[in-house]
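Trainee: Sharing a model prediction with you, sequence too.
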Amino acid sequence: MSSFGETPTGSDSSTAERDSETLLEVEGLKKHFTTGSGLLSGLRVDPGSFPPVRREHERVRAVDDVSFSIARGETLGLVGESGCGKSTLGRTVLRLLEPTAGTIRFDGEDLASLGGEALRRKRAEMGMIFQDPHASLNPRMTVGTIVEEPMVAHGMLDGEGREARAKSLLEDVGLEAHHYHRYPHEFSGGQRQRVNLARALSVDPDFVVCDEPVSALDVSVQAQVLNTMARLQAEFGLTYLFIAHDLSVIRHIADRVAVMYLGTVVELAEKEELFENPQHPYTQALLESIPVPDPRESGTRGVLEGEVPSPVDPPSGCRFRTRCPVLIAPEGYGFGDAEWEATRGFVRAVKRRTFEPAPAAEVRERFFPEGVPDGEAGELVETALSLVSAAELEGLEEDARTARWHEASELLLESFAEESICARERPHYEVDPVYGDGEHLAACHRHR
Amino acid sequence: MTDPLLRVENLTTQFFTEAGTVRAVDSISFEVHEGEIVGLVGESGAGKSVASMSLLRLVESPGEIVAGEITYKGRTIFGLEETADGSLSERPEMLSEEEMRREIRGNEIAVIFQDPMESLNPVFTVGGQLREFIELNRGLSKRVAREEAIRMLREVGIPDPEGRYEEYPHQFSGGMRQRVLIAMALACEPSLIIADEPTTALDVTVEGQILDLVDDLQEKYGTSFIWVTHDLGVVAEICDRVNVMYLGEIVEQAPVDDLFYETAHPYTEALLESMPRPDLTVEEIQSIRGVMPSAIAPPSGCRFHPRCRYAREACKRVHPDPRRVATSADGETHRAACLRHDVFESGYEASAPLEHATALSDREVERPPGGEGGE
Ligand SMILES: Nc1ncnc2c1ncn2[C@@H]1O[C@H](COP(=O)(O)OP(=O)(O)OP(=O)(O)O)[C@@H](O)[C@H]1O
Ligand code: SF4
Ligand code: SF4
Ligand SMILES: [Mg+2]
């Protein structure tokens, strides 16, 4: 699992001891952003921009109560979709962003409590590589200056020593010493990412946060950079927090994997366990939606419906519940499995207004071919059905129609979705691993 | 086989820049038949986008289609002929710019781009733009066009289409914008849609939703697609036939199953090996040596030779064109532009391996900047 360059062929127990030596420990970490611009009020989530939402005095819960640890020499893969908080987490761990709450222990020391000089010194042990190899290198600096910059900032070596080190680092990352005098624009994307690597390694860090380091690269070049990163890890005994949205890349490089959704870690396990035995519905959906490069496997892909909600007002309980295909039935109505499945589908369809107004009987037949549930649940469904039936909406203005849909949707959500345990408690469970014996966490009430 | 919907022959598009002539698309030929999804795959700079834009004659200066023939439903989108004095001029039956605009673009062939913001106007509502597009192109009244716009938005999976009709593009997420573009592309029920990396910027679950939507819509409307992508996973998922591009040329052309299982070009093979897999743990991925050289001065002979692990002396001399190397089970042609195939009779077997080819593939060596493209 861990990849020291010089791992001795010692006894099992000594290997285990080494593996479990924790380098980074993050507990209850939160990073919230407060945004102040009222001009743009009313904007919706835009996961493509950062911060993803702007409204007056809103709290964007970018990272909300995240805990994990990384062993020395290990690569923890952090995967999730855009806007889920991966980069914010990476930056907060390095204290490039001030945490809102929580502790970050690095090599036994609490980073959150360090300040000034002590923090600066600690930071020398950590490096960072960013996504865009074009944007992150200053075009007016030579490669040499770029690589030496962190050494200068940390008062490392003298001029001659730095140059010698920079040149040898360039060779380590697969470039050549004479590139020292070149400028970034003379390099391809893959080569620039290597310059970034050399720069991150210049102060001899133990720990490197890699934020989507290969996402902007073509596959063939991506493979080159990934292989180099793996080799350097073995050579220098590096520990990586490797952030990516691409599960294939994570599967290739990580030892353990944490899956993030809307500011929280929903699942964490050893790589093989996570990919072969995923236990969180979101992880499962994520894995199922990747197009596999094998035409004989096509058509087996699953589809996750809906969109990621706003991190300003995230769903209570389990954050994934608004899209979860297996949301747990609320108690008290005595739902059978099939009844609940039909009801869940109907609730979401009304909320998303995915069907056109039709006679109540038609809508009933479409969503409840086996008939609506008995008792109270059935009455609620009937009320909603009639609210959005063609007969009710006929002749109304668009605003009034929208109000009806809203009313029906609120009724259903309050009566059913919000009553589920998934909405009422934040899940956190440990499950038994099938592959390996590492800890497997799954934040899903199905494991209660 | 029936006549293809679209036939492209020896299409050549170049950019005349100060640095030299960029041979962005160099004599490519392919066909699209009714109801199929044809992939155009390759890495950045392979010429996929320029090829797509050429099909609609949307290449802008300093770019120009300099040769080739594009025929759509029997009509000539592009075609040259030799005049009496030996120079080339456009053929009389070639569609005029006016005809392209009125009858082809949008109506017959629609495009979906990677960045939907390029196609949506930020100052008008999404619904308004779609309605106007339908009104203009289909001659419907404003009221009917509005209903049609809402129906289309619902059809492409926009939640609450009545409500979101009034919203602006920036209020939509990337995936939702892409759905709007699909609605717009479909609005005139074109026979062919060119989709240039429409899911590349999207998250994988959103990409999955869009691929599914395209599958459904294709079944319903029977639309043909040219799907431009660099992602072989997407290719495997939705394409019927595939063209692999490298440095302006098509190097392999095959039905999708054959491309993956009977791979006939070393570049395709290398691409497949360099991909990490979502479904398997691969400890060592094979990288491709070097980077794609510039399209201004492509390497001699086979353009892939400086990076090819099978390269021999012959590969530096002889330029292979895509030739039939096999016929698939259902009678389709499999073409590859590689001298290792017997049809080329190039003396490949007898020639000596190039130096790098013997040492290749396990060491990742990048060429120094400026040193690209042959010695
Ligand atoms: N306006 C232009 N002027 C000069 N050269 C251009 C222009 N547009 C494209 N090219 C060149 O044409 C070649 C093909 O580019 P094209 O955009 O078609 O590649 P692509 O396969 O679509 O790449 P990507 O995957 O990055 O989208 C490249 O060498 C590119 O630099
Ligand atoms: S806790 Fe409930 S909503 Fe969340 S993933 Fe599990 S079943 Fe789905
Ligand atoms: S022609 Fe030669 S260099 Fe080109 S792909 Fe075939 S073997 Fe490789
Ligand atoms: Mg392109």
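Mentor: Thanks, I have the structure now. Keep in mind it's a predicted model, so treat the numbers as computed, not measured. Ligands and ions are numbered 1, 2, ... in the order given.
Trainee: Please count neighbours and contacts with C-alpha atoms only from this point.
Mentor: Fine.
Trainee: which ones are touching residue 326?
Mentor: Looking at chain A here, since you left the chain open. A:Pro281 (CA atoms under 8 Å, 6 or more residues apart in numbering or on different chains).
Trainee: that answer is for a different chain, and I need it for chain B
Mentor: B:Thr333, B:His334, B:Arg335.
Trainee: In a helix, the second one, correct?
Mentor: No. Secondary structure of B:His334, determined by DSSP: H, G, I helix; E, B strand; the rest coil: strand, with no helix assignment.
Trainee: looking just at contacts, which helices and strands does the strand or helix carrying B:Asn10 meet?
Mentor: Here B:Asn10 sits within strand B:6-17, counting by DSSP states H and E. The contact analysis (3 or more CA pairs under 8 Å, 6 or more residues apart in numbering or on different chains; DSSP states H and E) places strand B:6-17 against strand B:20-32, helix B:48-55, strand B:63-72.
Trainee: Ligand 2 is nearest to which of these?
Mentor: Nearest to ligand 2 among the helices and strands packed on strand B:6-17 is helix B:48-55; the distance by CA to the nearest ligand atom comes to 40.3 Å.
Trainee: host element of residue 314?
Mentor: Looking at chain A here, since you left the chain open. With DSSP H and E as the test, A:Pro314 turns up in no helix or strand.
Trainee: I was after chain B.
Mentor: Assigned by DSSP H and E, B:Ala314 belongs to helix B:313-317.
Trainee: Direction included, what does the helix or strand that comes right after that helix pair against?
Mentor: Counting by DSSP H and E, the next helix or strand C-terminal to helix B:313-317 is strand B:323-327. According to DSSP bridges, strand B:323-327 has the following sheet partners: strand B:333-336 (antiparallel).
Trainee: quick one, helices of the stretch 251-375 of chain B?
Mentor: B:256-261, B:266-274, B:313-317, B:355-359 (DSSP state H, counting those that start in this stretch).
Trainee: Export those as TSV, with columns for mean neighbour count and mean pLDDT.
Mentor: Listed next are those as TSV, based on neighbours: other CA atoms under 10 Å in any protein chain shown; pLDDT from 0 to 100:
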stretch	mean neighbour count	mean pLDDT
helix B:256-261	20	96
helix B:266-274	20	94
helix B:313-317	20	95
helix B:355-359	14	71
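Trainee: To A:Val308, which of those helices lies closest?
Mentor: helix B:266-274 (31.5 Å; CA to CA).
Trainee: what's the closest one packed up against?
Mentor: So helix B:266-274, by 3+ CA pairs under 8 Å, 6+ apart, packs with helix A:219-236.
Trainee: what lines up beside the helix or strand just after the helix it packs on in the sheet?
Mentor: Next in sequence after helix A:219-236, counting helices and strands by DSSP H and E, comes strand A:239-244. Counting by DSSP bridges, the strands paired with strand A:239-244 are strand A:75-79 (parallel), strand A:207-211 (parallel).
Trainee: contacting residues around whichever residue of the stretch 251-400 of chain A sits closest to chain B?
Mentor: Closest residue of the stretch 251-400 of chain A to chain B, CA to the nearest CA: A:Pro293 (3.8 Å). By CA under 8 Å, 6+ apart, the residues touching A:Pro293 are B:Leu232, B:Gly233, B:Val234, B:Val235, B:Ala236, B:Glu237, B:Arg277.
Trainee: Assumed A:Ile70 was part of a helix.
Mentor: No. A:Ile70: not assigned to a helix; according to three-state DSSP it is strand.
Trainee: neighbours of the residue lying closest to A:Glu418 once chain neighbours are set aside, just the number please.
Mentor: In this structure, A:Glu418 finds its nearest non-sequential neighbour in A:Arg424, 7.2 Å apart by CA to CA, 6 or more residues apart in numbering or on different chains. Neighbour count for A:Arg424, taken as other CA atoms under 10 Å in any protein chain shown: 14.
Trainee: Of the strands paired with strand A:239-244, which shows the lowest average pLDDT?
Mentor: Mean pLDDT is lowest for strand A:207-211 out of the strands paired with strand A:239-244, coming in at a mean of 92.
Trainee: any low-confidence regions in the stretch 251-375 of chain B?
Mentor: Low-confidence segments of the stretch 251-375 of chain B (pLDDT under 70): B:358-375.
Trainee: Get me the contact residues on it for ligand 1.
Mentor: B:Ala295 (CA under 6 Å from any ligand atom).
Trainee: The closest residue to chain A within the stretch 251-375 of chain B: neighbouring residues, count only.
Mentor: Residue nearest to chain A within the stretch 251-375 of chain B (CA to the nearest CA): B:Pro278, separated by 4.1 Å. Using other CA under 10 Å, B:Pro278 is surrounded by 22 other residues.
Trainee: Against A:Val249, how distant is it?
Mentor: Applying CA to CA, to the nearest Å, the value for B:Pro278 to A:Val249 is 8 Å.
Trainee: now B:Ala357
Mentor: On the measure of CA to CA, B:Ala357 and A:Val249 end up 27 Å apart.
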